[in-house]
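A.B. asks: Predicted model follows, preceded by the sequence.
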Amino acid sequence: MNKLMSLSTKMIVVILLLPLAVLAGNAFWHGVNIADSGMSPEDMEAIHEIIKNAMTDLAPTPTGFPTGDNVNDDHRGLRIYKSDETWDGYTLLNCFTSTGTDPNGNNVLIDMEGNIVNEWMIPGQAYLSAAKPLPGGCIVGSWVDPNVEGGGKLTQLNWDGEIVKQWETNSHHDHEREGSSCGYCAPGADPMVDGGKVLVLESTRPDPAETSHVSVKFIKDDRIRELDWDGNELFQWQCWEHFDELGLNEWAEAGLDQGLNYEGPGFMADLLPEDWSHGNDAAWCGPNQWYDGGDLRFHPDNIIADFRSLNIIIIIARHDHPDGDWKEGDIVWRLGPDYSTAGGDYMVGQIIGQHQAHMIPKGLPGEGNMLIFDNGGAAGYGALVTGLKDADGNPLGTWPNTFRMFSRVIEMNPVTKQVVWEFKQPRLSEDLDGDGKILGNEKLFFSNLMSGMQRLPNGNTLICEADVGRTFEVTPAGKVVWEYAPTWVRAEGMFGGALYRTYRIPYTWIAQILKNGVPLTDLSGDANSERFYKIDVPDGTTQLVFRISGNADLYIKHEALPTTKDHDYSLTLQGFKETITIPPKAGTWYAMLKGEKDYSGVTLEAETWPK
């Protein structure tokens, strides 16, 4: 609050410095450019320095900018669950703090009640490892080597945390697997588990001699690559090589030369590269109605990427245009960096430091629209006030040049660039109902540095407010119907309680392991919900027995998930204790619980002999 008051005081000083002619009317100047006011270069420089210093007070370093209100430690865990309004499943949490329980995982799968179902350890900060779920209980993320800067080897783990596949990459923040355009579940669009192409976002350090047109300082850059299953490169795109396609004006270019955007303490500024692009998202467009209608900019193979430092989202051509309008690798669609009324992107409102821009997959509500997590905070290169120049006529540019103290999730039509849905809660946190807790929309919604979102099949949206470690599900009307914050936090560490992203997956993607002879008790589920379990049967097993009691049906199948129509065995006399002995085949046996009505208090057990 004191810093905000300081900023207000400094802005008053700015006004006092302006000549009376400039203050005529009800604005500083008339028109788009402040130079139209006739202001002297000395006054322009004074305005620039005062605003820049005020923003620096708020953000001493890029990682020191204030973020949203942290969740009270006493109110962590499951915070809201309105089961009749949610889309239920398991939720994968990309955590910065491991659980502290065996196997001390930092990627944690929870159920709707917040119970841990499984956990995996992938070395590296969550924004680098950026794990995503795959069907069958696998996850894939970047395995970070602390001796290698910028990212890690894309790595697939099975349910038990064993490495089953690894690619030679330096990936960070995002990646995709063929079958899914944006890394989360959609009807008929599951990511491939064994085979398929991968899309990776990587960190590089280009030769400063080649990037002097980007910045006089050496830079850290982003590269996007598409690889086949065996790791062969199919496509490569380097951000700095497309500098002239990004729409940066002379003020932005002047800001890039200031060397203000780096990851680390101020005393190391000269030793750290300019983090000029800071990509955090790479996704395929995927099948969509725009392409089906003839708009080739949205070819399903084209790649959506966004760059936090620049306030820019782009689509990259994966193929040459049939009539020669563009070549593979060209930018064919762009949002930003100019969101003023002088440009064509003003209807979206100012985007700042955005994350995880992607097209909603076919089969989900809003399909074809683009979801964007508009973080707010501070980002962007350019003028603090349009038109400011020094006495020599040089543009006064800086980083950051845009600022906002709350976040938005927006759904946008990518053709018209109009917002069709938005979630925000910009008010300061307040216990409105007096219950001693700040829950749901009582809380300021603000995550400065990270975050993401997922459209769910029922039209709700799962949102990760990353910096403060809160994930929640909202209805189209903005009602919070599920909310969770991890209980295993390390408040003293940077991002100790934070989450990078979260993903909701259907129960059918995960089969919970049945331990031999150990019953699972007090199982519950909604009417017609499906829960899956599995037990591995070794060679030499002479007997396999399943036991169930309670008001749910059990379906069993060897080496595949059972359904009510496709199964090898079933137990359907609800309300009784039932047992079935199966002539065992070696391999994995799957079981599905399903209730015609809501069920609870069910016990399930599988046992093999010899043990």
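C.D. replies: Now that the structure is in, tell me what you want to look at. Residues are numbered from 1 along each chain as shown.
A.B. asks: how close does N118 get to N170?
C.D. replies: Distance, N118 to N170, by CB to CB, to the nearest Å: 28 Å. For glycine as for every other residue, the C-beta is placed from the backbone atoms N, C-alpha and C.
A.B. asks: what do you get for A391?
C.D. replies: Distance from A391 to N170, by CB to CB: 44 Å.
A.B. asks: Between these two, which is the more surrounded one?
C.D. replies: Legend: neighbour count by other CB atoms under 10 Å for A391 and N170, higher for N170 (22 against 10).
A.B. asks: ok, now how distant is the residue nearest to that one when sequence neighbours are not counted from N280?
C.D. replies: Of all residues not flanking N170 in the chain, G151 sits nearest, at 4.1 Å (CB to CB, 6 or more residues apart in numbering). As judged by CB to CB, G151 and N280 stand 12 Å apart.
A.B. asks: With T402 instead?
C.D. replies: Taking CB to CB, one finds T402 at 17 Å from N280.
A.B. asks: More neighbours: which of those two?
C.D. replies: Between T402 and N280, counting by other CB under 10 Å, N280 is the more crowded of the two (30 against 21).
A.B. asks: Secondary structure element for the closest residue to the more buried one other than its chain neighbours, which one?
C.D. replies: For N280, ignoring the flanking residues on the chain, the nearest one in space by CB to CB, 6+ apart is H173 at 4.3 Å. H173 belongs to strand 171-177 when assigned by DSSP states H and E.
A.B. asks: likewise V409?
C.D. replies: Here V409 is assigned to strand 408-413, by DSSP H and E.
A.B. asks: Output that strand in CSV, but only the C-alpha positions, please.
C.D. replies: Listed next in CSV are the C-alpha coordinates belonging to strand 408-413 (Å, rounded to 0.1, in the frame of the first residue of the first chain):
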residue,chain,number,x,y,z
ARG,A,408,-7.8,-11.8,-16.4
VAL,A,409,-8.7,-15.0,-18.2
ILE,A,410,-10.1,-14.1,-21.6
GLU,A,411,-11.8,-16.2,-24.4
MET,A,412,-11.4,-14.4,-27.7
ASN,A,413,-12.6,-15.0,-31.2
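A.B. asks: That one pairs with which strands?
C.D. replies: strand 370-374 (antiparallel), strand 418-424 (antiparallel) (DSSP bridges).
A.B. asks: Just name the most buried of these.
C.D. replies: Greatest average neighbour count among the strands paired with strand 408-413 goes to strand 370-374 (a mean of 25), per mean count of other CB atoms under 10 Å.
A.B. asks: List the contacts of K585.
C.D. replies: Counting by CB atoms under 8 Å, 6 or more residues apart in numbering, K585 touches V537, H558.
A.B. asks: Quick check: phi and psi at it.
C.D. replies: phi -110, psi 140 (degrees, to the nearest 10).
A.B. asks: got it, and G324?
C.D. replies: The phi/psi pair for G324 (degrees, to the nearest 10) is phi 80, psi 10.
A.B. asks: Tell me, how many residues neighbour it?
C.D. replies: 7.
A.B. asks: same deal with L432?
C.D. replies: 12.
A.B. asks: quick one: it and L439 touch, right?
C.D. replies: No - with contact defined as CB atoms under 8 Å, L432 does not count as touching L439 (9.6 Å).
A.B. asks: where's the residue nearest to the spatial centre of the chain relative to R501, distance?
C.D. replies: Nearest to the mean C-alpha position of the chain, by CA atoms, centre = their mean, lies G452 at 2.9 Å. As judged by CB to CB, G452 and R501 stand 4 Å apart.
A.B. asks: Nearest spatial neighbour of W143, chain-adjacent residues omitted?
C.D. replies: Once flanking residues are discounted, W143 sits nearest to T155: 4.0 Å by CB to CB, 6+ apart.
A.B. asks: That neighbour: which element?
C.D. replies: Going by DSSP H and E, T155 is part of strand 152-157.
A.B. asks: After that strand, heading C-terminal, what element do we hit next?
C.D. replies: Moving toward the C-terminus from strand 152-157, the next element (DSSP H and E) is strand 163-166.
A.B. asks: Neighbouring strands - and their directions - for that next one?
C.D. replies: When DSSP bridges is applied, strand 163-166 pairs with strand 152-157 (antiparallel).
A.B. asks: Let me know whether the residue nearest to N170 touches T169 as I believe.
C.D. replies: Yes - if you go by CB under 8 Å, G151 and T169 touch, sitting 6.9 Å apart.
A.B. asks: which neighbours do these two share?
C.D. replies: Common neighbours of G151 and T169 (CB under 8 Å, 6+ apart) are S142, E202.
A.B. asks: Looking at the two, which has the bigger crowd around it?
C.D. replies: Neighbour count, other CB under 10 Å: between G151 and T169, G151 has more, with 26 against 22.
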